[in-house]
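>>> Model the structure of this input:
(2 chains)
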Amino acid sequence: MKRQLMVFVKQVPDTKNISGEAMTPEGTVNRSALPAIFNPEDLNALELGLQLKERYGFKVLVATMGPPNAAEVLRESLYRGADEAILITDRSFAGADTLATSYALSCCVKSVKNIDLILCGRQAIDGDTAQVGPQLAEKLNIPQICYIEEVIDVNDKTVKARRSIEGGYEILETPLPTLLTVIDSNEPRPPSARNVMKYKKAKTRSELAKVHGRGTDYTDASDLLEEESKLRSKNLWIHEWDASKLSADIERIGLKGSPTKVKKIESVVLTAGKVVSVPPTEEGINALIRELIEDHTLG
Amino acid sequence: MSNFFTDNKDLVFTLNNLDLEEVVKLRENNYEQSKVFDHAPENLKDAFDSYKRVLEVVGDVTGERIEPRARTIDEEGPQFANNKVTYHPLTVKNLEDIRKADINGVMLPRQYGGLNFPVTIYTMMTEMVSRADASLQNLFGLQDIAETICEFGSEDQRKRFLPRFACGEADGSMDLTEPDSGSDLQSVRLKATLDEKTGKWYLDGMKRFITNGCAKVHLVLARSEEGTSDGRGLSMFICEACPELVVRRIEHKLGIHGVATAELQYNHVPAELCGLRKRGLTKYVMGLMNGARVAISAQALGIAEASYREAKKYAAEREQFKSSIDKFPAVYSMLAGMKIRIMAARTLLYETTKIVDLRNSYTSIVEHAAKPEDVSLEDRQNQKLYSKVASVLTPMSKAYATETANSVAYESIQIHGGTGYMKDFNAERFYRDARITNIYEGTTQLQHVAAIGGIVQRVLDPIMDKYAKLPSHGKLKRLSGILDEMRKKQQQAVRYVFDKKDTTYYDLVTKHLVNMETYTFVGYLMLRDALKAQERENFAERFILDSAYEFDKCFSIVMSGDITIIDNHRELLDY
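Predicted coordinates:
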């Protein structure tokens, strides 16, 4: 059997392209007003996974937790070369903080079994916590290396990787299985035309049911079952797993499993600071340098 | 965040409104391949959806990745040392992105690793690549070489070469020009000798101005028939890069710096014949050139698009006399003119590619039929018709798009003022890059010569008849009337020149007749587009009214019968 690695990805609101209605009056993110995109550092994690596929022949599984339409980031992953995709979706997962999220993801890893490497983006641009990766490693009780720039080598037992640290880097080696969080250190590949044309047809159970105007419990509908088995045989099936499939403890997921409480949300409006104009003369520049030194901005 | 497909309303409109149903159906052979290839479309809707998605990918790659690298590549270019060309690291990255996006064999059949897309969609990609980096188009466009091998090579050659092109392992070059054979390719001298004992061919001689002459696979036009001196003594060969094929130098060019243009020396290079002997120029190179002319039209259009956008942006930001300069009639009228010419060039180009697609499909039906009697009369007629139309539209489109690119790039600098003359802005790069487009793959003057025969034969009249009959009202009806009037005059002018039976006069006014035909034909296309979307009415109006003036000027010149330039040119030149 091929060795497997799993990349966790997330669909996030595009916080880099904020328009006027990006925030609700209550100060929370107005998700419907922002385009949903592939979390940037998750693309770096996927790219690393795909490089390891090319170098060592790993099978690349991609998984995400989110609403049904988060399947889009899974298709995006398939376009780039991922082998199989899993959507973790269930109303009971809603409202999860990082603790509940990492617990659900750990259930997913346990369900799949035989994963040598787990790759996550360092952090997502919506919450910016950088907690889910590390917490997931803790839940699984496996080693982790964060801020990965590149993987130097993977053998049967260990992985050796370079991580960024303040002012430089360090190279660490750790036994498998292990979890790596990846920073913006590679150039994610573009989708491949051929894969786009193939995997645009990949579907989850919900999507298939929706096309036919049915519920997801179509166990008696022979036409849907036939189509499902066709999609499966063509490798166009995106697995859709709910809490029971993951054997998740209902107390530990969703809002119930989330001890994080939001105390207060403040909408901060950033304004430009004072503008100082410096004359383009020797004296002007010298005065500026003096001021910056006194300020401890320089030196 | 820029996506060169989705940010280009006109290009999206073009894709959505070009009636490609027949093209796709023929190309996909009634969607038979979907049973064999999981990425092949099942029906028209599926095919269109795929085109759109792939164009979006290319739009993203060109806008987000390739364009930001263009200026550095232009400044630094490829390196040449010890007869070896090394492309700029950013060019290498561009090629890597293209390879990963899987767009190296866009039109090749699927069984050789291609995507089997029509020329029309490939041309849209070409346009976007060129808008991002015109010089990269010269490398991207070399997949035309694989096309030529596919069309004229043997099955064995297809199997050996095409998958290498499709996966991006091999790149190509088209070795035609020699120091003494530019426009006049009939005089090519590079010698091909057959070793009778082994049955192998060897090439000896020189080639010059070879785009990507450092390529792995070369298509070479060479003289295989000793003692001949015209086009019928030439054959087409395939050879691989090897020690006997020496890159002597690379050129220092005005523009398209990113790609190496090489001088090649052939010292008994082993080669294989592609297609039949003696058909090299008469059939294969003509086919190759026609494909390349469409590609250069798209390259020019991409440069024009980029130039226009820079000019528009600059004019909106630049303040003079307490106002942004795009508020002044002198400036906005210039910008509007640029925009309209770009849209006109685009509508002509994609009408051309559609016809080229139809020609290719019907030609393939006729030529690849198991038995001649299997081909229906209708298919034969279609092949003839579309071949004729394509042979007028291809040069007409190239002339119009490339001259438009030059005028737009020129005016883009003008709008930038002194700043545009500096290397700090992109305007001057576009101006330099545009300048080659109306020269290579046949100068504008040669495009006129290529188009005039079909114009005299009124090959485009049936298409114009069709568009003239589209029901229109109000403003559009008036415009349609103007076009009908122009067409009548054009027919009159053609007859006048034809009846004169003076070949020198015919040569002298050829350019005017081609321009007049272009104004009229594109006018009908603009009108057709306006009938599909109201927002395009103003464009049709402006184009047709502007063209009418230009048309009348040309008409007066042609009908004047003035031959003083013929009689006096020597005195005029030598004074």
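>>> Give me the most central residue, the chain.
Since no chain was named, I'll use chain A. The centroid of chain A falls nearest to A:Val9 when counting by C-alpha atoms, centre = their mean (2.6 Å).
>>> from what I can see it touches A:Ile118, true?
No. Contact criterion C-beta atoms under 8 Å: A:Val9 and A:Ile118 do not qualify, at 11.8 Å. Bear in mind the C-beta positions are built from the backbone N, C-alpha and C, glycine included.
>>> helix, strand or coil for residue 156?
No chain in the question, so chain A it is. Following DSSP: H, G, I helix; E, B strand; the rest coil, the label given to A:Asp156 is coil.
>>> Pull up the residues of chain B that are close to chain A.
B:1, B:38-41, B:49-50, B:53-54, B:57, B:60-61, B:65, B:93, B:97, B:100-103, B:115 (C-beta under 8 Å from any C-beta of the partner chain).
>>> Show the buried residues in those.
With burial judged by 16 or more other C-beta atoms under 10 Å in any protein chain shown, the buried subset of these is B:39-41, B:49-50, B:53-54, B:57, B:60-61, B:65, B:93, B:97, B:100-103, B:115.
>>> For chain A, which segments count as helices?
Counting by DSSP state H, chain A has these helices, from start to end: A:40-56, A:71-80, A:98-112, A:132-140, A:193-199, A:205-211, A:222-233, A:282-294.
>>> closest to chain B out of those?
Ranking these by proximity to chain B (C-beta to the nearest C-beta) places helix A:193-199 first, at 3.9 Å.
>>> pLDDT weak spots in chain A?
Counting by pLDDT under 70, chain A has low-confidence residues at A:18-29, A:299.
>>> switch the cut-off to 80
Applying pLDDT under 80 to chain A picks out residues A:1, A:15-33, A:262, A:264-274, A:298-299.
>>> Kindly report the residues of it close to chain B.
Selection of chain A residues close to chain B by C-beta under 8 Å from any C-beta yields A:16-17, A:187, A:189-198, A:200, A:234.
>>> could you redo the last one with a cut-off of 6 Å?
Contact residues (C-beta under 6 Å from any C-beta of the partner chain) of chain A with chain B: A:189-194, A:196-198.
>>> Need the helices of chain A in CSV (columns: mean neighbour count).
Formatted as CSV, the helices of chain A follow (neighbours: other C-beta atoms under 10 Å in any protein chain shown):
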stretch, mean neighbour count
helix A:40-56, 21
helix A:71-80, 24
helix A:98-112, 21
helix A:132-140, 21
helix A:193-199, 24
helix A:205-211, 17
helix A:222-233, 13
helix A:282-294, 11
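>>> Report the residue ranges of every domain in chain B.
Split into domains by automatic domain parsing, chain B comes to B:1-141, B:172-278, B:279-455, B:460-574.
>>> Out of those domains, flag the one nearest A:Thr219.
Closest approach to A:Thr219 among the domains of chain B (C-beta to C-beta): domain B:1-141, 27.3 Å.
>>> What about residue 161, how many residues nearby?
Went with chain A since none was named. A count of neighbours around A:Ala161, defined by other C-beta atoms under 10 Å in any protein chain shown, yields 24.
>>> wait, I meant chain B there
Residues within reach of B:Phe161, counting by other C-beta under 10 Å, total 24.
>>> Can you pull out the residues in contact with the helix or strand where it lies?
B:Phe161 belongs to helix B:155-166 when assigned by DSSP states H and E. The contact list for helix B:155-166, computed with C-beta atoms under 6 Å, 6 or more residues apart in numbering or on different chains, reads B:104-105, B:108, B:112-114, B:146, B:149-150, B:170.
>>> Just the buried residues of it, please?
Here helix B:155-166 shows B:157-158, B:161-166 as buried, counting by 16+ other C-beta under 10 Å.
>>> same thing with stretch A:82-100?
For stretch A:82-100, a neighbour-count test (16+ other C-beta under 10 Å) marks A:82-90, A:92-93, A:96-100 as buried.
>>> what sits up against it?
Residues contacting stretch A:82-100 (C-beta under 6 Å, 6+ apart): A:59-63, A:65, A:68, A:71, A:74, A:104, A:108, A:129, A:131-132, A:135, A:204, A:238-243, A:253-255, A:257-258, A:260.
>>> Show the contacting residues for whichever residue of the stretch 451-575 of chain B sits closest to chain A.
With C-beta to the nearest C-beta as the measure, B:Glu535 is the residue of the stretch 451-575 of chain B nearest to chain A, at 23.9 Å. Counting by C-beta under 6 Å, 6+ apart, B:Glu535 touches no other residue.
>>> Which pLDDT value belongs to it?
B:Glu535 is assigned a predicted lDDT (pLDDT) of 94.
>>> pLDDT weak spots in chain B?
B:1, B:183.
>>> All the strands of it, residue numbers only.
B:79-81, B:84-86, B:172-175, B:191-195, B:200-211, B:217-223, B:234-240, B:245-250, B:261-273, B:319-320, B:323-324 (DSSP state E).
>>> Quick check: bridge partners of A:Leu119?
Beta bridges link A:Leu119 to A:Val7, A:Leu180, judged by DSSP bridges.
>>> Quick check: it touching A:Gly49?
Yes. Assessed by C-beta atoms under 6 Å, A:Leu119 is found in contact with A:Gly49 at 5.1 Å.
>>> and for those two, which residues touch both?
Common neighbours of A:Leu119 and A:Gly49 (C-beta under 6 Å, 6+ apart) are A:Val7.
>>> Just put the helices of chain A in JSON lines and tack on distance to B:Gly481.
Formatted as JSON lines, the helices of chain A follow (distance: least, C-beta to C-beta, whole Å):
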{"stretch": "helix A:40-56", "distance to B:Gly481": "56"}
{"stretch": "helix A:71-80", "distance to B:Gly481": "50"}
{"stretch": "helix A:98-112", "distance to B:Gly481": "68"}
{"stretch": "helix A:132-140", "distance to B:Gly481": "68"}
{"stretch": "helix A:193-199", "distance to B:Gly481": "45"}
{"stretch": "helix A:205-211", "distance to B:Gly481": "50"}
{"stretch": "helix A:222-233", "distance to B:Gly481": "55"}
{"stretch": "helix A:282-294", "distance to B:Gly481": "67"}
